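Colleague: Fold the following for me, if possible:
(chains A and B)
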Protein chains: 2
Amino acid sequence: MSVQTAIAALETVLGDRLSRSKSDLALHGQNEAHFDVVLPDAVAYPETTQEVSEIVRICAKHVCPVVAWGTGTSLEGHALAIRGGITVDMTHMNKVLEVNTADMDVRIQPGVTRHALNEDLRATGLFFPVDPGADASLGGMAATRASGTTAVRYGTMRDNVLGLEVVLADGRIIRTGTRARKSSAGYDLTGLFVGSEGTLGLITELTLRLQGQPQAIGAAVCAFETVDNAVDAVIATIQLGIPMARIELLDAASVAAVNAHGDLGLPEWPHLLVEFHGSDAGVAEDAETFKEVVAEHGGQGFDWAAKAEDRNKLWRVRHDAYYAITKTRPGHTALVTDMCVPISQLATAIKETQADIAQSGLDGPILGHVGDGNFHAILMIDPNSASDLDAAKDLSHRMAERALALGGTVTGEHGVGMGKLGYMEAEHGAAWPVMGSIKRALDPDSIMNPGKMVDQN
Amino acid sequence: MSVQTAIAALETVLGDRLSRSKSDLALHGQNEAHFDVVLPDAVAYPETTQEVSEIVRICAKHVCPVVAWGTGTSLEGHALAIRGGITVDMTHMNKVLEVNTADMDVRIQPGVTRHALNEDLRATGLFFPVDPGADASLGGMAATRASGTTAVRYGTMRDNVLGLEVVLADGRIIRTGTRARKSSAGYDLTGLFVGSEGTLGLITELTLRLQGQPQAIGAAVCAFETVDNAVDAVIATIQLGIPMARIELLDAASVAAVNAHGDLGLPEWPHLLVEFHGSDAGVAEDAETFKEVVAEHGGQGFDWAAKAEDRNKLWRVRHDAYYAITKTRPGHTALVTDMCVPISQLATAIKETQADIAQSGLDGPILGHVGDGNFHAILMIDPNSASDLDAAKDLSHRMAERALALGGTVTGEHGVGMGKLGYMEAEHGAAWPVMGSIKRALDPDSIMNPGKMVDQN
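Modeller: Sure thing, here's the model as predicted:
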């Protein structure tokens, strides 16, 4: 069997850094979502780009699947080796290689997590802003085009990766981009590999843009009687050009959960949590303008936090929301949805989704990165109930169709993986086969994360 | 001859909107740079996407080259039909199709110019920020990944195109992206077509992000004894997180030219021109901080302009600089170079280039989008002097090599076209053949702007 031949060859290269232990296979066969466990044939732990290249060369020779693994925090089953083969765990490739403070960029290996990077940068006055919640690896975040709470100000991984080193499906090593801030020299290969989910190559190095730590940070929370009012307040704030660093929506059900969890006594209405970054005067002015906009849209209970301590308390509400929601139903697990629409359609999308959830009988509080038109329903299911899972999948399916009907996308930030593959044709239409053409051009034997992203027929 | 057969078929579709008049061929055989005139076989003036699709289908059938034309303002010969065939002039496709004020986006045809778009948007309070100087078509700006003075704040075309409609090399019509602000659904085809210079398909529609017109705008000018000091002041300002909307450098030779042209009496030192966008208080605070940074770096003559009238006068210095430079040598034309490096290398790059120009005997004032590490030398040549052109090409060649040696790119914003094709292998190394693989996958007969972008062997 060709996979076994590949494994024998890989063992000569990696020694005991090629693992076939049951625990290793089991660890890399799991996922944080609802997908069935599926084991790879072996797990490789490379330490250098050259080793990754050798791994892929061997796998290419034996037409053996290759799937990258960062921290395993994907919510769409990206890193599952659904056709077997070798899982390439990037944990050992976790070095910060070069920090350029004048240029505000950093070169790292793909296994560095965002917390580790920001810890490393602390003394420089710089930070990496993309915050998807989980302490994901930056290679994984690039591969899935992750974003999160700060995208409204700092963009997604698409906007924050300056360049990559990639091992292609035949083992060739390429570098994309330069350290220049912009370029018009040829096809944007960096942009092509960001979000390609390991289907075109393995990311072995990243050059990332950094940001200066803001002089001042301010945050506020406020409540609205309706989601419409909350979203309209956000639209008005954006149109005024007030640069929000984060703007998060918790719907009434989410607020109920955080109340129950933290004894906060917030009114059980939709809430906005906002954060501003800038100079002292700039942040104060932004907060004042935002407060006026909030009042114009019927917002209440405006609570301002300029001190780090108060701000941290306020953001703990948001950070703990997912945990609080899962705590409301002990023994249940969550199916987390992800849709993104033009912001003018956001209130409609949320209200239709809330009505749909109410009909389903499931609990499904909603959290949103509202400045981007992106939100998640946290659908709570009994893991032993097939009907719960079916109901959640039905809701997720209708959310995806709703996203497309409203001019949006089936996945704002969680990626395609296994969960959204079935919507790719509906979202992209005639453009989807173009992705297939690119895949076949760069990976003709489909060894790179096979079964994902493109047409499987 | 297959091109003639294609032309006959195109005439049946387009009637008199397929032109073979001498004047039309001559107009579309010229360029704004130093490249030789080369005539297309015919010029098509489509009015709809469907017509563009039919044009490409016919050309594909007869393996006839297809080259898009916007306003002809490219500086690298992008739109020259160097292998003959059909130039597709997008002038008639110049409609603004849909403005979404709540979502701050707009859908347009590719022939809309940036001035026309901003004129159309004036009453909405929104504007499109990318400003390459020329009143280029937005289709052309997307195709060449244009940027300009405002990229430091608002990004390049890469950052401001939400989605595209594209006619592929076989006539298929695809749509890339959605109106959602972000997505992680599949390969970033929008990013792939932006900057592909018509070699993968023809852009027939664009959805663009818009910005709110800032409440307040302020601008300032100041002089520095050395380029080092000026660049260091910019680096410090960026690190402080002061959001500059524009930050332009004029070297001493450029200042001398604008002095001679406008009788301005500026000290003949390197100058920075800066602009801030924001709230009244924010702009005032940014200006104050910038003034302090300038003083710390030995800057002098800080002159602040909050009033539109004064600001316009100040920016006229920058806008007229190219004109002023060309006026210093009557009867001469300009070869405009374009390099972009990490900002830590910018002062070195400029000083080495200045020394090189001084040795050459040519005049070559330098203008820079200094916040991006991007600058242009305006090399003045006698169009009848072969030695001037050779000297300018030598200087341009050394600038390209310098860009690569300093970790940058041979073209920050002018694109590849004909002028930079020879540097693609040096800049991209093993990644260049990957661009060729993508080209062959999407345009196997190489009919889309043939002779550009990828390996021609």
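Colleague: Tell me where the stretch 151-300 of chain A has helices.
Modeller: A:151-154, A:157-160, A:189-193, A:227-239, A:252-262, A:280-296 (DSSP state H, counting those that start in this stretch).
Colleague: Count the residues that sit near the closest residue to A:Gly417 other than its chain neighbours.
Modeller: Excluding the flanking residues, the one nearest A:Gly417 by CB to CB, 6 or more residues apart in numbering or on different chains is A:Glu76, at 3.0 Å. Where you see a C-beta, it was placed from the backbone N, CA and C, and this is true even at glycine. For A:Glu76, the neighbour count with other CB atoms under 10 Å in any protein chain shown is 25.
Colleague: hmm, back to that, may I see the helices of the stretch 151-300 of chain A arranged in JSON lines, with mean neighbour count, distance to B:Ala220 and mean pLDDT as well?
Modeller: Converted to JSON lines, the helices of the stretch 151-300 of chain A look like this (neighbours: other CB atoms under 10 Å in any protein chain shown; distance: least, CB to CB, whole Å; pLDDT from 0 to 100):
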{"stretch": "helix A:151-154", "mean neighbour count": "23", "distance to B:Ala220": "25", "mean pLDDT": "96"}
{"stretch": "helix A:157-160", "mean neighbour count": "24", "distance to B:Ala220": "28", "mean pLDDT": "98"}
{"stretch": "helix A:189-193", "mean neighbour count": "26", "distance to B:Ala220": "34", "mean pLDDT": "98"}
{"stretch": "helix A:227-239", "mean neighbour count": "22", "distance to B:Ala220": "27", "mean pLDDT": "95"}
{"stretch": "helix A:252-262", "mean neighbour count": "20", "distance to B:Ala220": "46", "mean pLDDT": "92"}
{"stretch": "helix A:280-296", "mean neighbour count": "19", "distance to B:Ala220": "18", "mean pLDDT": "92"}
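Colleague: could you redo those as TSV and give each row distance to chain B?
Modeller: Below are those laid out as TSV (distance: least, CB to the nearest CB, whole Å):
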stretch	distance to chain B
helix A:151-154	6
helix A:157-160	7
helix A:189-193	3
helix A:227-239	5
helix A:252-262	21
helix A:280-296	5
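Colleague: and the ones you listed as TSV, adding distance to B:Gly415?
Modeller: Converted to TSV, the helices of the stretch 151-300 of chain A look like this (distance: least, CB to CB, whole Å):
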stretch	distance to B:Gly415
helix A:151-154	27
helix A:157-160	21
helix A:189-193	16
helix A:227-239	32
helix A:252-262	47
helix A:280-296	36
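Colleague: average model confidence for stretch A:370-377?
Modeller: Mean pLDDT, stretch A:370-377: 97.
Colleague: right, quick check: that stretch against chain B, any contact?
Modeller: Yes - using CB under 8 Å from any CB of the partner chain, stretch A:370-377 reaches chain B at A:372-374.
Colleague: Could you tell me which of those residues belong to strands?
Modeller: A:Asn374 (DSSP state E).
Colleague: how about the helix or strand of chain A with the lowest mean pLDDT: buried residues?
Modeller: Here the helix or strand of chain A ranked lowest by mean pLDDT, DSSP states H and E is helix A:308-319, holding a mean of 84. Judged by neighbour count (16 or more other CB atoms under 10 Å in any protein chain shown), helix A:308-319 contains these buried residues: A:311, A:314-315, A:317-318.
Colleague: Kindly report the same for stretch A:46-55.
Modeller: Counting neighbours by 16+ other CB under 10 Å, one finds that the buried residues in stretch A:46-55 are A:46-47, A:49, A:51-55.
Colleague: check contacts around the nearest residue to A:Ala236 once chain neighbours are set aside.
Modeller: Leaving aside its sequence neighbours, A:Ala236 sits nearest to A:Val293 (CB to CB, 6+ apart; 5.0 Å). A:Val293 is in contact with A:233, A:236-237, A:240, A:242, counting by CB atoms under 8 Å, 6 or more residues apart in numbering or on different chains.
Colleague: Go again with 7 Å.
Modeller: Contacts for A:Val293 (CB atoms under 7 Å, 6 or more residues apart in numbering or on different chains) come out as A:233, A:236-237.
Colleague: before we move on, the earlier item: just the element for the residue nearest to A:Gly417, please.
Modeller: Under DSSP states H and E, no helix or strand contains A:Glu76.
Colleague: One more: A:Gly111?
Modeller: Using DSSP H and E, A:Gly111 falls outside every helix and strand.
Colleague: burial of it, as a residue count?
Modeller: 24.
Colleague: and A:Met1, what pLDDT?
Modeller: pLDDT, A:Met1: 55.
Colleague: can you check A:Gly408 too?
Modeller: On the pLDDT scale, A:Gly408 gets 98.
Colleague: So what's the residue count around it?
Modeller: 29.
Colleague: Can you tell me the closest non-neighbouring residue to it?
Modeller: Per CB to CB, 6+ apart, closest to A:Gly408 is A:Val341, 3.3 Å.
Colleague: how far away is A:Gln30 from chain B?
Modeller: 22 Å (CB to the nearest CB, to the nearest Å).
Colleague: Quick check: phi and psi at that residue.
Modeller: Torsion angles at A:Gln30 (phi, psi; degrees, to the nearest 10) stand at phi -90, psi 170.
Colleague: That one and A:Leu80, how far apart?
Modeller: 9 Å (CB to CB, to the nearest Å).
Colleague: the more surrounded of the two?
Modeller: Ranked by neighbour count (other CB under 10 Å), A:Gln30 and A:Leu80 place A:Leu80 first, with 28 against 15.
Colleague: can you pull the pLDDT of that one?
Modeller: 97.
Colleague: do A:His397 as well
Modeller: pLDDT, A:His397: 97.
Colleague: Also A:Ser53?
Modeller: pLDDT, A:Ser53: 98.
Colleague: after the helix or strand where it lies, next one along is what?
Modeller: A:Ser53 belongs to helix A:49-61 when assigned by DSSP H and E. Moving toward the C-terminus from helix A:49-61, the next helix or strand (DSSP H and E) is strand A:66-69.
Colleague: Just checking the distance from the helix holding A:Ser53 to the centre of its chain.
Modeller: From the chain centre to the centre of helix A:49-61 is a distance of 27 Å (CA atoms, centre = their mean, to the nearest Å).
Colleague: What of stretch A:214-226?
Modeller: The answer for stretch A:214-226 is 23 Å, by CA atoms, centre = their mean.
Colleague: Check which residues of it are buried.
Modeller: Neighbour-count burial for stretch A:214-226 [16+ other CB under 10 Å]: A:214-224.
Colleague: do the same with stretch A:96-106
Modeller: In stretch A:96-106, counting by 16+ other CB under 10 Å, buried: A:99-106.
Colleague: what do you get for stretch A:23-38?
Modeller: Applying 16+ other CB under 10 Å to stretch A:23-38 flags A:24-25, A:27-29, A:31-35, A:38 as buried.
Colleague: Go ahead and name everything in contact with it.
Modeller: Under CB under 7 Å, 6+ apart, the answer for stretch A:23-38 is A:39-40, A:43, A:69, A:72-77, A:80-82, A:87, A:89, A:335, A:389, A:418-419.
Colleague: Restricted to helices, list the residues you listed.
Modeller: The helices, defined by DSSP state H, take in A:Leu389 from these.
Colleague: Just the ones of the contacts of stretch A:23-38 in strands?
Modeller: A:43, A:69, A:87, A:89, A:335.
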